[in-house]
Every structure is written in C-alpha cells, then in structure tokens.
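>>> compute the structure for the input listed below.
(2 chains)
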Amino acid sequence: MNWYTFHYDVFLDFDAPVSEHQFLLRCLPKTCGRQRVVRAELSLRPTVGYETLTDGFGNLVQTGAIPFGHTSFHYTSEGEVFISPKNASREALNPVFAYPSEMTQPCAAFEALLKDIPGGGEAGGAVGASDAPGGGASVLETALAISRRVKRALAYEPGITDLSTTAADALAAGVGVCQDFTHVFLALCRMRGIPARYCNGLMVGEGVSHAWAEVYDKGVWIGVDPTHDCEINETYLLFSVGRDYTDCSIERGVFFGGGGQNQKVAAKLAEVRAADMQQ
Amino acid sequence: MESMIRGAAQINQQLSRYGVKFGIYKNGVFNERLFPFDAIPRQIGGEEWAEIERGLAQRVDALNAFLKDIYGPRKTILKDGIIPEDFIYRASGYLPVCEGFTPPKGIFSHISGIDLVESVGGDWVVLEDNLRVPSGASYPLIARTLCRKVSPSTFRNNHVVDNRDYGALLRKTLDHVNRGGINVIMTPGRFNAAYFEHSLLAEMSGATLAEAADLVVEDGVVYYLAGVGRGEAGANGAAGAEKQRVGSLYRRISDDYLDPLWFQADSLIGVPNLISAYRAGNVAILNAPGNGIADDKGIYYFVPEMIRYYLGEEPVLHNAPTYLPFYEKDRRHVLENAHRLVIKDVAEAGGYGVVFGSALSKAKLAEVKRRIEAEPRRFIAQEVVEFKDMPMVLDGKTVRRKADFRAYVLSGKTTVVWKSGLTRFTADPDSYIVNSSQGGGFKDTWVMS
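As a prediction, this is how the structure comes out:
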C-alpha cells in the first residue's frame, strides 16, 4: 500500500448570476478494491450543505442545492488514501457491464479494428497481426491487444470531441481525449465478450481528472488505461465507475440563468514519501 | 339501458366539454382527438370476475417480485437460468440508475394496467402488462358518472358494482408507501392530452396536483411550493410561498424526464434531484422508475414462469401462445409459420411494430423473416388470438367490433383489482389491434354483483 494525498478543485464561473442551482457530484473516492480512504472531504463555495448517497453502480454521490443567486460554484475534494500497486479489485460482476451502452454501441468500423483478435479468454483464434494475442490468450492479454489497437487508431487531441461524442464518432474522427479512448476500448472489449467498465478519477502527474477502464476476469476487475496504452498501477485513484461517461460524470447541474460558463480544474494526486512522514 | 343508449350523444358531448381526449402520434405528428364513448357496457358476471381478479393479483404480485429481484443484489431468476440475461441488459426498459435500491415497502408497480381479451372460447388471455404509467382509469370513471345522470333507472334495474371507489383505492395506495408528507400527482401540465385524467384523479384521491415547477428538492427532501409555483412568481426562492413536504409522488411523466440530473439532461418537465431524494428513502415514487423492464414485450413471455418461480403457483390467467425467436427451436417455428403469426418488435410500444403475418405480401414477409434472423432477440411472435367482438352503436345501428379490456390493479398493503376497467374497441371492423393510440373508442365495464 502506498500513501497518497489528493486534491481536486473545480471553479465554475457564470457570466450572469444563476439561482436554484441543483448539483450532483461524484468526486469523492470510497474504500474499495485497490484503495483505502483515510480521509476524504468535500467543501463547497458558496457554502451549502450536501447529502451523500450511493448510485446504481455503488458510486458515492453528493447532491445539494444553492437556492440563492450566485456567479460562481467552487468545489474541492481532498484527502488521503492508501492505494495498492496490485492491479486487481475483487467484486461480484454486475452483468450490465458485458453489454453495450448508449455511448459504446458496436459499429462496422469496430469489427475491422478487432480483426484477428480472438474472444477474451477463449482458446484458439488466428495469429495474424503482431499485436493479436495467440491461442488461449487471457482476458488481460486480449484487453491489452485491444488497447494497442485503440492507441493506433486515435490521436490524442483535446478540443475536437466533446462530452456527447460516442465511441463510433470518436473512431470516425480518429482523435479524442481519455474519455474517447476509453469509450472505444470499452466498445471493443464488450464486442469480444469481455465485461468492461468506465472509470473516472485522478492520476499522478495529470492536472485534470482522468478516465480509464477496467476489464473483468475471474472475479476481479483489472485496470487498463487505453490513453496511455498500459495496465494501471497505484498512481490511479478511482472516483466512480459506470457503463460509460454518462453514468459517472463528475459534475452535473441544473439552474436558472447564467448564460455562458467557464470552468477551471486543478487536480493533484501525489505520493507521501517517507521523508515527508518523518516531519 | 335503452335510455342510456339514447343518451349516448349527450354523454359524448359532456365528455368533450370535460376535455376527455386522447393524444396520438401518427406519422410523427401529434394529434389530439376525442375518445368516443359507446353506451353499451361490457358486463362481467360476479363469478367470472372473481377468477379474473385472482389471476390479475397473482400476476402483478409476481411482476413486483421480479422487479425487486432484478434491481436487488441477488437476481436469482437470472442465476437460476429462468430468464436469459440478454432479455434484461439489452432491453431499453432496464435502468441501471435503479440498481441496488428497493422502493418503500418493496413495491415497484403500485398501479398496474393489465390488458386482456376474452377469447372466442371464453377464456381471458393477457396480451400486455403496463407497469409504467398506465392511463385510462378516468374514462370509465367519468363515463359511469355521466351515465348515472342520463339514465338513473339503468342503475336501479341492474346490479352493477359501483366503481366510484377508485379515488379511495388510489389514496390508500399512495398512503401505504408515503414517507411522510402530502400525496402529489405530478402532471406534465395542462397541455398534456391526459391532463383531464390527472386532475380528476387528484380530486378523487385527495392528492395535490402539481407540475415540475411546483416541486423542489431541498436537503434530500421533496417539497411542494403551495400558492406560487416557482415557474411563475418565485424565481428568487418563491418568497412567502408555503412549502409542504411530499411523501408520495404519483408521477404521470415517463422515467426519462423525471430528473435531469439522473436521466435525460435536457428535460424541462422534471424535478432536479428527485431521484436523489428517492434513493435517500425520503419520497415514494409511483410507479417506481425502472419498471419498464417488467412490461417489456420480451419479458412478457416469461411472466407465467415468474408466477411459478416466485409464488409457487400455477398461473390463473394465460398469455397468448408466444414464441421467442431468441431460442433456436422457437426461431425455426416462427420462420416456418410467420405467415399466420403476429410478429411484435419488442422495442416498440402503443400498437406500433406489430404486424400480422397473414396481412403481409410475400416480399414483406421475407423481409420480416430476415430481420428476425438478424436480430432474434428483438422480436416475439404470437398465435393470433380469436377474441370476441362486442355490440356497439354506430350511426343508429348496432354493429360488432373487436374489444379488449384494461384492468387496473393497485398494490398497497394487499393487491386489489378495481371492480371496473376500460373496454376499448376498434374503429376498423377488420382490425385486431385495440389500442387507444390507434383510434377507436371506449365502453364502460360493469362488474355485476
């Protein structure tokens, strides 16, 4: 177990005052799988109370309202966690993760991308392209082969796709951000019979939130980061999971007024070193 | 009864004044039209009714047990292989938002509308379960009231069970799951085709009629803003408005629009954080969100099995004989017999996506078969149920038309069937599709004592 501090700050500025602002956040980690939460706190400005509940995927959700007029909304989630370097989270499978979701519907282009990649964990299958796993490939091997294909098919480029871009649209565009890499990866895994889910959270060295995926094999979830084309390790802190982005968005809000809005994000996940501990 | 039939025109005139209408979509265009009333009632004898009642309560109890199982942690009906996972997780009616939460008192479907037909052989056959927002109870309610006015003698001379207790039944159902606070009926608004029904039910059950703008969530609790709705006067927190806690919410809008933070983000007729209050256990929502998985056309096939599985009983009421192309054996049968079966697309509702093999050209039939082969899970196929036609008066003459029957089943402390219901008939003498969305009219249903 490694010791980390996390800090996630979001500043939302509105051009004009908003009122009756109802919000829903998923920005606090919980103890599960690879991570143990020592302390996790949410602070809100304007200062209002919030309720904590669990959503249909077991994620922690914080909800509340700011009834009076305001021109900015600032929320900070911070605390300390232990994260295990072992990439495995034991959990019963919610079967829904084996099926396509709205953002990850299969399409013909995905079939082409999956060429020569056999079904997850199944024996046999062709050995064609160099990155295709051979006969009897494990779920993880197949998932990593899929991750390589995604990495080749998409260029990392912010500002082109948006929150409503589906996996098929992202692949057609050939560009995207971590959300799009993850959606395409999920669509491909599910088409090969591997249950897979979307993960939202923080990553060491990343100044905003990050998205990756987990694939299910023999009772455990194993993390794969298609954007960086690698397995995950202790430098990933999980906030929420879902079938795709829409299930676990970090912030949703409804309000009156506002006009345009501007968002600034600052995220930091950092290891607490032995030297720090001695102080 | 003659005087009542003579008074039919008068009754229809009254119905149109009350705004008893039905909204239909045809070729993508929304139209509202009056729902014509025919004065010759459907009469069901006491003994026959007792059997129907028993079968309906049994069916709804099993459907409620199924919903509790599917959205709960155990999902035993899947693990025991009674229903294949595909029929849950590929169905649009399954809502992951509802996972891991059991509604107050464990009831999902509080007000169920079960559609039946009486076959030529005299058996009652269930065609469809409606567990989301089944409408139409107001039609026989208002028609009965008007009939009594037009022809009081009819009700002196016939032993008809009074159906005006629906409001009281509804109130009991709302009270039973109430989490503290008032009962509210939530309507999309007065421009909705069913607004008449919403307001009538509110009046009869003593519930408050509210629109989304009258409801607000604070600290995980739903409040009704009495007096000034937020939408009109109170943009700054409805100063001076009195607010009342809501314990039961009978919503007459679909799941998708309930809460823009949990469902469709662009919904303007929803209440933000309503689902948060619901999942916190602070309000009952009738019917529960997520019920669409239980009235899915594909799931219909499994309802008799559900009754055996959850209740350990034999079904009292039967389904129309149904085949599931998902199963190899059924698929072969369906492909060979498509020309005489009814094929239904499980993704469609309201009488759409239903084709009679016998009515299709060779080319169309081949196309339907191709679609079944390509996506077998998407379709069910049924034997055509020869059901009874009923007399009705058209232009002063008595003619016969096919008619179905929607029964209303209310689940509270116990499961009860309202001793009345909606009988709908087709306008087209050759049609078997009886659905208000497809035209036609309605009759009162008399349960005889």
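>>> any idea how many residues pack against the spatially closest residue to B:Val384 that is not a sequence neighbour?
Once flanking residues are discounted, B:Val384 sits nearest to B:Val342: 5.8 Å by Cβ to Cβ, 6 or more residues apart in numbering or on different chains. C-beta here means a position set from N, CA and C on the backbone, and glycine is covered the same way. Residues lying near B:Val342 (other Cβ atoms under 10 Å in any protein chain shown) number 22.
>>> and B:Val342, helix, strand or coil?
strand (DSSP: H, G, I helix; E, B strand; the rest coil).
>>> got the contact list for it?
By Cβ atoms under 8 Å, 6 or more residues apart in numbering or on different chains, the residues touching B:Val342 are B:Val354, B:Val355, B:Phe356, B:Gly357, B:Ala381, B:Gln382, B:Glu383, B:Val384.
>>> run through the bridge partners of it.
With DSSP bridges as the criterion, B:Val342 is bridged to B:Phe356, B:Gln382.
>>> roughly how far apart are it and chain A?
Distance, B:Val342 to chain A, using Cβ to the nearest Cβ, to the nearest Å: 28 Å.
>>> only alpha carbons, please: show the host helix or strand of A:Tyr198 as PDB.
If you go by DSSP states H and E, A:Tyr198 is part of strand A:196-203. C-alpha atoms of strand A:196-203 as PDB (Å, rounded to 0.1, in the frame of the first residue of the first chain):
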ATOM      1  CA  ALA A 196     -15.700  -3.800 -19.100                       C
ATOM      2  CA  ARG A 197     -16.400  -0.600 -17.300                       C
ATOM      3  CA  TYR A 198     -15.600   3.100 -17.400                       C
ATOM      4  CA  CYS A 199     -13.500   4.500 -14.600                       C
ATOM      5  CA  ASN A 200     -13.300   8.200 -13.600                       C
ATOM      6  CA  GLY A 201     -10.700   9.500 -11.100                       C
ATOM      7  CA  LEU A 202      -7.300  11.100 -10.700                       C
ATOM      8  CA  MET A 203      -3.800  10.100 -11.900                       C
END
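>>> average pLDDT across that strand?
Average pLDDT, strand A:196-203: 98.
>>> which helix or strand in the chain has the lowest average pLDDT?
This is for chain A. helix A:274-278 (a mean of 64; mean pLDDT, DSSP states H and E).
>>> oops, wrong one, chain B.
strand B:21-26 (a mean of 64).
>>> roughly how far does the residue of the stretch 151-300 of chain B found nearest chain A sit from B:Leu258?
Closest contact between the stretch 151-300 of chain B and chain A, by Cβ to the nearest Cβ, is at B:Pro272 (3.6 Å). Distance, B:Pro272 to B:Leu258, using Cβ to Cβ, to the nearest Å: 10 Å.
>>> quick one: buried residues of the lengthiest strand in chain A?
Longest strand of chain A, by residue count under DSSP state E: strand A:2-25. Neighbour counts over strand A:2-25 (16 or more other Cβ atoms under 10 Å in any protein chain shown) mark A:3-6, A:8-10, A:12, A:14, A:18-25 as buried.
>>> can you give me the helices in the chain?
The chain I'm using is chain A. Counting by DSSP state H, chain A has helices at residues A:108-113, A:139-153, A:167-173, A:178-191, A:274-278.
>>> try chain B instead
B:2-6, B:8-18, B:46-71, B:76-79, B:86-89, B:138-150, B:152-157, B:166-177, B:195-205, B:274-279, B:297-300, B:303-306, B:328-337, B:362-374.
>>> surely B:Pro260 is in contact with A:Phe255?
No: the pair formed by B:Pro260 and A:Phe255 falls short of the contact definition of Cβ atoms under 8 Å, at 10.7 Å.
>>> sketch out the low-pLDDT regions of chain A for me.
A:120-131, A:134-135, A:274-279 (pLDDT under 70).
>>> and it, which residues reach chain B?
Proximity of chain A to chain B, by Cβ under 8 Å from any Cβ of the partner chain, involves residues A:19-20, A:22-24, A:49, A:51, A:53-58, A:61, A:63-65, A:67-69, A:94-96, A:98-99, A:242-243, A:247, A:252-254, A:256.
>>> buried subset of those?
Burial by neighbour count, 16+ other Cβ under 10 Å: within the residues of chain A next to chain B this picks out A:19-20, A:22-24, A:51, A:53, A:55-57, A:61, A:63-65, A:69, A:94, A:96, A:98-99, A:242-243, A:247, A:252-254.
>>> please parse chain B into its domains.
Partitioning chain B according to automatic domain parsing yields domains covering residues B:180-282, B:321-383.
>>> just checking, what packs against the longest strand along chain B?
Longest strand of chain B, by residue count under DSSP E: strand B:397-411. Strand B:397-411 sits against strand B:37-44, helix B:46-71, strand B:111-118, helix B:166-177, strand B:389-394, strand B:415-417, strand B:422-425, with contacts defined as 3 or more Cβ pairs under 8 Å, 6 or more residues apart in numbering or on different chains; DSSP states H and E.
>>> in it, what's buried?
Of all the residues in strand B:397-411, those buried under the rule 16+ other Cβ under 10 Å are B:Arg401, B:Lys402, B:Ala403, B:Asp404, B:Phe405, B:Arg406, B:Ala407, B:Tyr408, B:Val409, B:Leu410, B:Ser411.
>>> which residues are in contact with the first one?
So the one you mean is B:Arg401. Shown in contact with B:Arg401 (Cβ under 8 Å, 6+ apart): B:Asp389, B:Met390, B:Met392, B:Phe425, B:Thr426, B:Ala427, B:Pro429, B:Gly440.
>>> partner residues bridging it?
B:Met390.
>>> for the most centrally placed residue in chain B, give its distance to chain A.
Nearest to the mean C-alpha position of chain B, counting by Cα atoms, centre = their mean, stands B:Pro134 at 2.3 Å. In this view, B:Pro134 and chain A are 25 Å apart by Cβ to the nearest Cβ.
>>> also B:Cys147?
46 Å.
>>> give me the nearest residue to that residue, chain neighbours excluded.
B:Met4 (5.5 Å).
>>> which residues of the stretch 51-200 of chain B lie near chain A?
Contact residues (Cβ under 8 Å from any Cβ) of the stretch 51-200 of chain B with chain A: B:75, B:78, B:85, B:88-90, B:94-101.
>>> now, the most widely separated pair of the residues you listed?
B:Arg90 and B:Phe101 (21.7 Å; Cβ to Cβ).
>>> hang on, the earlier thing: most packed of the helices of chain A?
Burial of those is given as mean neighbour count (mean count of other Cβ atoms under 10 Å in any protein chain shown); helix A:178-191 ranks first at a mean of 27.
>>> C-alpha coordinates for it, PDB please?
C-alpha atoms of helix A:178-191 as PDB (Å, rounded to 0.1, in the frame of the first residue of the first chain):
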ATOM      1  CA  CYS A 178      -9.100  10.000 -22.500                       C
ATOM      2  CA  GLN A 179     -12.900   9.700 -22.500                       C
ATOM      3  CA  ASP A 180     -12.900   8.800 -26.200                       C
ATOM      4  CA  PHE A 181     -10.000   6.300 -25.900                       C
ATOM      5  CA  THR A 182     -11.900   4.600 -23.000                       C
ATOM      6  CA  HIS A 183     -15.200   4.500 -24.900                       C
ATOM      7  CA  VAL A 184     -13.700   2.900 -28.000                       C
ATOM      8  CA  PHE A 185     -11.800   0.400 -25.800                       C
ATOM      9  CA  LEU A 186     -15.000  -0.500 -23.900                       C
ATOM     10  CA  ALA A 187     -17.000  -1.000 -27.000                       C
ATOM     11  CA  LEU A 188     -14.300  -3.300 -28.400                       C
ATOM     12  CA  CYS A 189     -13.900  -5.300 -25.200                       C
ATOM     13  CA  ARG A 190     -17.600  -5.900 -24.900                       C
ATOM     14  CA  MET A 191     -17.800  -7.000 -28.600                       C
END
